[in-house]
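Trainee: Turn this into a structure:
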Amino acid sequence: MSETLADLVGCEDVLMFVNAAITSTGQREFHHEEGGQRLSLDFLHSYMLANYRDMYTAALALNINDHNAALIVRNLLVEPPAVDDRERRRT
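Mentor: Model (predicted):
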């Protein structure tokens, strides 16, 4: 199976998010400001939700920290998946 550039970028995106979800708590840590870390973390959550919803959901099965697990659950509940009209009528 041949991987495309889009596949590789997708893998890197998911890996970056999972790494952040395991380590980042949105609190002031090390030499970084709390607000800057929260902004970066919020961006990663929004990006994953919009572009890789299935992988974003699957991240809950990993050993991510409680802060990020709660954000994932909240974001999934606040932003329902896009469903076309035909699917919406069927359900």
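Trainee: What residues of whichever strand or helix holds Tyr47 count as buried?
Mentor: Here Tyr47, judged by DSSP states H and E, is contained in helix 34-51. Within helix 34-51, the residues that qualify as buried by neighbour count (16 or more other CB atoms under 10 Å) are 37, 41, 44-45, 48-49. (C-beta placed from N, C-alpha, C; glycine too.)
Trainee: Low-confidence ranges, the protein, go.
Mentor: Scanning the chain for pLDDT under 70 picks out the ranges 1, 25-38, 88, 90-91.
Trainee: Show me the strands in it, by range?
Mentor: Applying DSSP state E to the chain gives no strands.
Trainee: all helices of it, in order?
Mentor: 5-23, 34-51, 53-58, 66-78, 85-90 (DSSP state H).
Trainee: what angle separates the helix holding Tyr47 from helix 66-78?
Mentor: Here helix 34-51 runs at an angle of 40 degrees relative to helix 66-78 (axes from the mean of the first three to the mean of the last three CA atoms, to 10 degrees).
Trainee: what packs against helix 34-51?
Mentor: helix 5-23, helix 53-58, helix 66-78 (3 or more CB pairs under 8 Å, 6 or more residues apart in numbering; DSSP states H and E).
Trainee: Could you save those helices as CSV and add columns showing distance to Glu87?
Mentor: Formatted as CSV, those follow (distance: least, CB to CB, whole Å):
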stretch, distance to Glu87
helix 5-23, 24
helix 53-58, 15
helix 66-78, 18
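Trainee: I appreciate the help and will end here.
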